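Peer 1: Provided below for reference: sequence and predicted model.
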Amino acid sequence: MTRRSYRRTQRRLRPRYGTRTTPVVLVDDGYGSTDLAMLGRVLYRYRSELAPFLLGGITGLAGLFLHARHQGWWPGLTSATILGTAGVLFLARRWLPRGVERAYAAIVLSAIGAWLTLATAYGPGAGPLAKVLGLGTIVAGIPWWWHRRRRARVQVERTLEAWPEITEQVGLAGSRVMSALVDAWGWRARVALRRGQTVTDALNRLPALESGLGTRPGALRIEADPNRADHVLLRVLNRDPHAEPLPWPGSTAQTITQPADLGIYEDAGPVRVSLLRRHGLIGGVAGSGKSGVLNVVLAVLTGCRDVVLWGIDLKGGMELQPWAGCLDRLATTPREAAELLADAVRVLDARAADLTARGQRVWDPTPDRPALVIVIDEYAELDDEAAGYADSLARRGRAPAVTLLAATQRPTQDAMGNGAVRSQMDIRLCLRVRERRDVDLVLGQGMLVVGWHAHTLDAPGKFLLSAPGLDVPHRARAYLMTDAAVSKTAARHAPTRPRLDPLSAQSLRSGLNGSQGHADVIDAEVVDEHPADAAQALWSALLAAPNSGLSLPDLIAATGLSRSWVYERLREHADAGRVYQVTRGRWRAHNVQ
Ligand SMILES: Nc1ncnc2c1ncn2[C@@H]1O[C@H](COP(=O)(O)OP(=O)(O)OP(=O)(O)O)[C@@H](O)[C@H]1O
């Protein structure tokens, strides 16, 4: 390294190691710098810290000038101060998005304007004006010097100034920082590598780069830029986002069509996942934070006006009871759970028929036609009957937006009811598991060997998330809702909950009650006989239908066959223009007069 670059590196790095010394350290070292140039450099280097003094000085000089030359301008200055302050408060949102920063800028501006007005009229030396300016500079400077984002920005600026030397030292010479952004946890930058270098070279130099940047070990992340092989994305975390529990920041999604914000990744990026027409499985040992995740999901979904929520809590309602005001239904015993799931199958069937009749493929949730999400805490406690319905929902519920969100400790085939439920879960959220093989149980076969190491998660609420579009094992931590936050959120959202749409509600009313009805619905999946006389019976029933048409249960009763078989035939008739729906869910043949 040349003497010059050595000196520059020392100068630039010194403040990060806490030796913010006087210019004595930096003055003439025998290599030709003059005191004045050195002073200029020090002033430039600390320009952000010195800004309040600079502003105070300019204000004092302006006061002197205005008093000497334009003493009569004070009324104009008063008006300009009022307008300027209002402008900062109400129009500067684009440059100062945070209210507290706008308020600070407005206070400083109004104080400077008031002082200038008085100084112009009476002279800067009149009365206590000079002392007020000095004291005001210090008082207004305190929030400035203390401001975390300003300090972070300055630290990044200095690091970037020293970037060429640092990268030369760590073996990545020739790389350039193209853009950098400071945020709450640290900063991120896009870096162009020297031609011929790739993300692998950068990753190999990662510990050295941490040392060069003076970060704590493990604070740096380097990722490939999906668009350029010679660019990398750098993430510096001054604070570990997972070091402390993360308080829930409040719901952001207004509709289930927007992704739910569940927590944050290790690189401080938000964990966002779409719950629309997707089943979800949350797994993890006791105490790993499953109920905590369910709370966050419920906090988000109860804020969406296009979702009706049903809950099953076989811990006697312990976990979901606080949300009872937001749940359209809550089952707390195995019997109630089976009934609830049977009804969900009815809703599914009615919606599927409706979609078919409308020629639509999927149910798009709106407040009038909401999605139905069934949240199940401790899935393994469901009995066989309930598991049968859940299986049916898992296989057929996506398109009609009747979906399951299930939490369980170990989703073994036994615990999941030996059906297809687990394989139908598109969203897999794995909290800490006890054994390595449990990773595959929750996340799917083969995930452990490709790096999904949920057994190494070391605190409650930490998880790995696999979902469509989320296929990299990034560690995340869920937000934590306190009991008070749950109660407050549930109370706030309860009055705005939607009701089931008339079609779905009607399917529950017209459905058969009790286990007889459940058996009918579940059998609909497996009946495989299509006797010709049943087809004839269906057609005769449609021909003889009253003006108000016949409902599905009527047609099922007339044919003695399954719901899906009846739907299928109805669709064929409808496609051929032989039948139509008189009102939603009620059918009759066209040629009936
Ligand atoms: N996101 C989180 N951040 C920090 N701590 C958490 C988080 N989630 C849960 N915890 C802590 O872990 C404890 C256990 O969480 P929780 O009850 O959600 O676990 P669980 O997996 O549902 O357990 P069980 O299976 O016994 O019901 C809670 O008391 C809470 O203090």
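Peer 2: That came in fine, so what should we check first?

Peer 1: near the ligand, which residues of the stretch 101-250 of the chain? Just list them.
Peer 2: residue 245 (Cβ under 6 Å from any ligand atom). Where C-beta positions appear, they are placed from N, C-alpha and C, glycine not excepted.

Peer 1: can you rerun that using 8 Å?
Peer 2: Taking Cβ under 8 Å from any ligand atom, the part of the stretch 101-250 of the chain that reaches the ligand is made up of 245-246.

Peer 1: I'd like to know how many residues surround residue 359.
Peer 2: 9 (other Cβ atoms under 10 Å).

Peer 1: look up how far residue 349 lies from it.
Peer 2: As judged by Cβ to Cβ, to the nearest Å, residue 359 and residue 349 stand 18 Å apart.

Peer 1: what do you get for residue 150?
Peer 2: 60 Å.

Peer 1: try residue 397
Peer 2: 11 Å.

Peer 1: who's more crowded, those two?
Peer 2: residue 397 (28 against 25).

Peer 1: ok so residue 394 is a strand residue?
Peer 2: No - applying DSSP: H, G, I helix; E, B strand; the rest coil, one finds residue 394 to be helix, outside a strand.

Peer 1: pretty sure it sits against residue 279.
Peer 2: Yes - using Cβ atoms under 8 Å, residue 394 is in contact with residue 279, at 5.6 Å.

Peer 1: give the residues shared as contacts by these two.
Peer 2: Common neighbours of residue 394 and residue 279, counting by Cβ atoms under 8 Å, 6 or more residues apart in numbering, are 404, 421, 424-425.

Peer 1: and the residues you listed as CSV, adding secondary structure and pLDDT?
Peer 2: Listed next are the shared contacts of residue 394 and residue 279 as CSV, based on DSSP: H, G, I helix; E, B strand; the rest coil; pLDDT from 0 to 100:
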residue, secondary structure, pLDDT
404, strand, 96
421, helix, 84
424, helix, 90
425, coil, 92
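
Peer 1: and those as TSV, adding distance to the ligand and neighbour count?
Peer 2: Formatted as TSV, the shared contacts of residue 394 and residue 279 follow (distance: Cβ to the nearest ligand atom, whole Å; neighbours: other Cβ atoms under 10 Å):
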residue	distance to the ligand	neighbour count
404	17	26
421	19	25
424	22	20
425	17	27
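
Peer 1: which residues are in contact with the residue in the chain that the ligand sits nearest to?
Peer 2: Nearest residue of the chain to the ligand (Cβ to the nearest ligand atom) works out as residue 461 at 2.2 Å. Contacts of residue 461 were listed using Cβ under 8 Å, 6+ apart, and they are 245-246, 263, 288-289, 292-293, 431, 477-480.

Peer 1: which of the residues you listed fall within strands?
Peer 2: Secondary structure from DSSP state E places 246, 263, 477-480 of the contacts of residue 461 in strands.

Peer 1: and the host helix or strand of residue 191, how far out from the chain middle?
Peer 2: Using DSSP states H and E, residue 191 sits in strand 186-192. Here strand 186-192 is found 22 Å from its chain centre; the criterion is Cα atoms, centre = their mean, to the nearest Å.

Peer 1: offset the numbering so it begins at 479, please.
Peer 2: Shifting the count to begin at 479 puts that one at strand 664-670.

Peer 1: all strands of the stretch 579-728 of the chain, in order?
Peer 2: In the stretch 579-728 of the chain, strands defined by DSSP state E, counting those that start in this stretch lie at 654-660, 664-670, 698-703, 706-715, 724-725, listed in chain order.

Peer 1: who does the shortest one pair up with?
Peer 2: With DSSP bridges as the test, strand 724-725 is paired with strand 953-958 (parallel).

Peer 1: cool, and the fourth one?
Peer 2: The strands that strand 706-715 pairs with in its sheet are strand 664-670 (antiparallel), strand 698-703 (antiparallel) (by DSSP bridges).

Peer 1: out of these, deepest packed?
Peer 2: strand 664-670 (a mean of 19; mean count of other Cβ atoms under 10 Å).

Peer 1: sorry, back to before: can you add distance to residue 645 and give the strands paired with strand 706-715 back as TSV?
Peer 2: Listed next are those as TSV, based on distance: least, Cβ to Cβ, whole Å:
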stretch	distance to residue 645
strand 664-670	9
strand 698-703	13
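
Peer 1: can I get the ones you listed in TSV including mean pLDDT and distance to residue 582?
Peer 2: Formatted as TSV, the strands paired with strand 706-715 follow (pLDDT from 0 to 100; distance: least, Cβ to Cβ, whole Å):
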stretch	mean pLDDT	distance to residue 582
strand 664-670	91	22
strand 698-703	88	32
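
Peer 1: pLDDT below threshold where in the chain?
Peer 2: 479-511, 729, 895-897, 988-1010, 1040-1042, 1062, 1069-1071 (pLDDT under 70).

Peer 1: could you give the bridge partners of the residue nearest the centre of it?
Peer 2: For the chain, the residue sitting closest to the mean C-alpha position, by Cα atoms, centre = their mean, is residue 739 at 2.4 Å. Residue 739 has these beta-bridge partners by DSSP bridges: residue 750.

Peer 1: my guess is it contacts residue 753. True?
Peer 2: No - at 11.2 Å, residue 739 does not count as touching residue 753 under the criterion of Cβ under 8 Å.

Peer 1: overlap in contacts of these two?
Peer 2: With Cβ under 8 Å, 6+ apart, residue 739 and residue 753 have common neighbours residue 778.

Peer 1: the helix or strand hosting residue 869: which residues count as buried?
Peer 2: Assigned by DSSP H and E, residue 869 belongs to helix 862-874. Residues of helix 862-874 classed as buried: 863-874 (neighbour count, 16 or more other Cβ atoms under 10 Å).

Peer 1: show me how far stretch 840-850 is from its chain's centre.
Peer 2: For stretch 840-850, the distance to the chain centre is 22 Å (Cα atoms, centre = their mean).
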